[in-house]
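**Q** Show me the folded form of this:
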Amino acid sequence: MKVFNAILSIVLMMTLCFTQTTYAKAPYEIANEAGNFINPSYNPKGTIVIASKTGQVLYSDHADTKWPPASMSKLMTLYIFMKEMDKGKINYHTKVKVTDKFYNISKLPALSNNRFRLNAEYTVEELMPIVITNSSNAATFMLSSLVTKDDSDFVDMMNKEAKRLGMKHTKFYNPAGPPNNLLLQYKPERYQENTDNISSAKDFAILSQHLINEYPEIIKYTKQVNVTVKKGTINEETFHTYNHSLEGAKLGYKGVDGLKTGSSDTAGFNTAITGTKNNMRIIQVMMGVESWYDPPAEFNRNIMANAIMDKIYSEYEYKKMLSKGVHTINGQELYVHEDLFDVVKKGVKGKFVFKDNQLSYHYDRDYVSAKYKAPSVKAEDNKKYERRIFFQENMWWIVLLSLLSIIAGIVLLVYYYKPELFRKIWEDK
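**A** The predicted structure is shown next:
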C-alpha cells in the first residue's frame with residue numbers, strides 16, 4: 001500500500017509540474033494582470049495569436065472551439081473578391097447598381113447595413129469601406145455579385161477556399177455572416193438552413209494571414225477609423241470603426257491597422273486584429289465574448305485583446321538570427337546565402353539545423369497549420385561554395401587557357417608525327 005501511495009504521489013507531482021509548465025493563462029487573466037478588472041464571464045470562447053510572416057502560434061486558448069464568426073465572414077468574401085480582381089475583369093472603379101434585391105437587404109431588420117438608395121451606383125472603391133468599416137451586409141452582397149450572380153455559387157466558392165486553406169472547422173452558409181434566418185428570402189438557394197456560419201479562431205487566423213500576406217493593399221481599408229463615402233452627394237455617409245483597437249480608435253493600440261470585427265446575438269463579440277510593432281506583424285483572433293446584449297462586452301473584448309498584444313510583444317521578437325556569409329554551424333563551415341530572420345521567444349535557446357541545403361533555427365514551438373515550418377535560407381558547405389565561385393568568376397580565363405592548351409597539344413602532336421610540315425614552313429620562310 002505504501003508503495004502504491006508513493007507511486008501515486010510521484011504521478012500527481014509529475015502531472016502538476018506538466019500542467020504548470022504548459023498552462024496558458026486565459027485572456028481575462030492576462031487583462032487583469034495588466035491592471036484591468038474583467039469578470040471571468042467575459043472570457044472568449046476561443047483566442048489565438050500568430051506571427052503573420054511565419055504562421056507561428058504565439059498564444060492559444062481553445063483556438064479550435066467552433067463558433068459563429070458573424071461579420072468576420074466578410075473577410076472570406078473579401079479574399080475571394082481580391083482573387084477575382086487579380087484576373088482583371090473587376091477593378092476598384094467597377095460600378096454596382098443598388099437593385100431591388102440589394103435595397104431590400106439593406107432594409108432587413110436586425111442586420112448591419114447602411115442607407116442605400118434604390119438605383120444608386122457605387123464603385124468597388126466606395127463599397128470596400130462600407131463592407132469593412134460599417135460591416136454592411138447589403139454592400140457585401142453587392143461585391144459578391146461581381147464575382148457570380150448566384151449567391152449559392154459564391155458560398156460554394158467560400159467553402160472550397162476554406163478547405164484549400166486548411167480551415168478544418170469552417171462552414172459558410174452566406175457571404176456576409178448574419179444568422180441565415182435573418183436573411184429571410186435572401187438566403188442562398190442551396191443553403192436554406194436557419195443557422196450561422198461556423199468556424200474557429202484558428203481557422204480565421206489562417207484566413208487573415210493569407211488575406212494580409214497575399215493582398216497587403218487591404219490594409220488601406222481596414223485601418224480606417226472614420227470614413228466618408230459619396231462625399232458631397234445625396235448618398236453621403238460617414239462610418240466609424242467597430243474595431244476599437246485600431247490605432248486612433250477608442251481603445252487604440254499603436255501599430256494596429258486591421259482587420260475586422262463580427263457580432264451578433266448568437267456570436268457575441270468577435271474580432272480579428274492585425275498590427276505591427278518592432279517589425280513583427282501579428283494576427284489575433286478572438287471569438288465569443290458574450291453577451292451581445294451586454295454593452296461592456298464589446299469593449300472588454302478589445303481590452304483583453306490589447307493586453308494579450310502587450311504580452312506577446314514583451315515575450316517575442318522578430319530578429320536576424322544569422323547574417324549572410326560564412327558561419328561555423330555544428331562544427332561545419334557553411335556559406336549562408338542571405339540573412340536569416342525568425343520570430344523567437346525571448347530567453348529560449350534553440351539550435352541551427354542544416355538539412356537539404358537549407359539552414360533554419362529550431363526551438364519548441366507550434367504553427368497554425370502543418371503547412372508551416374521554421375523559416376529557412378539557402379546554405380552550403382563553404383569549401384564547395386568557394387570552389388564554385390572561383391570557377392564562376394574565372395570561367396573565361398579557364399576556358400581560354402584550356403583552348404590554348406588544347407591547341408598547343410595539337411601542335412606538339414603534329415610536330416611529333418609530321419615534323420616535315422614544320423620544316424617546309426621554315427624553308428618557305
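**Q** Could you list the domains of the protein?
**A** For the chain, the structural domains run 26-315, 323-382, 394-428, going by automatic domain parsing.
**Q** comparing these, which gets the lowest mean pLDDT score?
**A** With a mean of 67, domain 394-428 has the lowest mean pLDDT of the domains of the chain.
**Q** Now do the helices in the protein.
**A** Secondary structure of the chain (DSSP state H): helices at 2-22, 27-33, 74-86, 100-106, 124-132, 137-147, 151-165, 201-214, 219-222, 295-315, 382-393, 395-417, 419-428.
**Q** Could you provide these in CSV, with additional columns for distance to Ala374 and mean neighbour count?
**A** Just so you know, the C-beta spots here come from the backbone N, C-alpha and C atoms, and that holds for glycine as well. Shown next, in CSV, are those (distance: least, Cβ to Cβ, whole Å; neighbours: other Cβ atoms under 10 Å):
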stretch, distance to Ala374, mean neighbour count
helix 2-22, 21, 9
helix 27-33, 26, 21
helix 74-86, 26, 21
helix 100-106, 46, 18
helix 124-132, 33, 22
helix 137-147, 36, 25
helix 151-165, 21, 18
helix 201-214, 16, 24
helix 219-222, 26, 19
helix 295-315, 18, 20
helix 382-393, 22, 12
helix 395-417, 36, 10
helix 419-428, 68, 9
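**Q** Save the domains of the chain as CSV, and put in distance to Arg388 too.
**A** CSV is the format used below for these (distance: least, Cβ to Cβ, whole Å):
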stretch, distance to Arg388
domain 26-315, 30
domain 323-382, 8
domain 394-428, 11
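**Q** returning to that earlier point: including distance to Gly258, could the helices of the chain go into CSV?
**A** Formatted as CSV, the helices of the chain follow (distance: least, Cβ to Cβ, whole Å):
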stretch, distance to Gly258
helix 2-22, 31
helix 27-33, 20
helix 74-86, 10
helix 100-106, 25
helix 124-132, 8
helix 137-147, 17
helix 151-165, 18
helix 201-214, 7
helix 219-222, 3
helix 295-315, 13
helix 382-393, 42
helix 395-417, 50
helix 419-428, 83
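**Q** Please identify which of the ones you listed is closest to Pro188.
**A** Comparing those by their distance to Pro188 (Cβ to Cβ), the top pick is helix 151-165, with 4.0 Å.
**Q** Which other helices and strands does the closest one contact?
**A** helix 74-86, helix 137-147, helix 201-214 (3 or more Cβ pairs under 8 Å, 6 or more residues apart in numbering; DSSP states H and E).
**Q** Taking helix 74-86 as reference, get the angle to the longest one.
**A** Right, helix 201-214. Our comparison of helix 201-214 with helix 74-86, counting by axes from the mean of the first three to the mean of the last three Cα atoms, to 10 degrees, yields an angle of 30 degrees.
**Q** now Ala138, nearest residue through space, not along the chain?
**A** Excluding its sequence neighbours, the residue lying closest to Ala138 (Cβ to Cβ, 6 or more residues apart in numbering) is Ser106, at 3.7 Å.
**Q** Go ahead and confirm that neighbour touches Arg115.
**A** Yes. Using Cβ atoms under 8 Å, Ser106 is in contact with Arg115, at 7.3 Å.
**Q** and the gap between Leu75 and Lys223?
**A** The gap separating Leu75 from Lys223 is 15 Å, by Cβ to Cβ, to the nearest Å.
**Q** sorry, that was for Ile38
**A** Distance from Ile38 to Lys223, by Cβ to Cβ: 26 Å.
**Q** Surely Trp292 and Gly268 touch.
**A** Yes. Trp292 lies in contact with Gly268 (Cβ under 8 Å); the separation is 5.5 Å.
**Q** Comparing those two, which residue is more hemmed in?
**A** Gly268 (25 against 16; other Cβ atoms under 10 Å).
**Q** now the more buried one, which residues is it bridged with?
**A** Bridge pairing for Gly268 (DSSP bridges) gives the partners Ser264.
**Q** count of residues packed around Lys95?
**A** 12.
**Q** Quick check: beta-bridge partners of it?
**A** Here Lys95 sits in beta bridges with Thr123, as judged by DSSP bridges.
**Q** That one: what's it in contact with?
**A** 121-123 (Cβ atoms under 8 Å, 6 or more residues apart in numbering).
**Q** wait, doesn't Ile145 sit right on Thr94?
**A** Ile isn't right for residue 145; it's Ser. No. Counting by Cβ under 8 Å, Ser145 does not reach Thr94; the two are 11.0 Å apart.
**Q** Check the gap between Gly350 and Tyr372 for me.
**A** According to Cβ to Cβ, Gly350 and Tyr372 sit 16 Å apart.
**Q** can you check Asp257 too?
**A** From Asp257 across to Tyr372, the span is 23 Å (Cβ to Cβ).
**Q** Tell me which residues of stretch 273-291 come out buried.
**A** 273-275, 277, 280-290 (16 or more other Cβ atoms under 10 Å).
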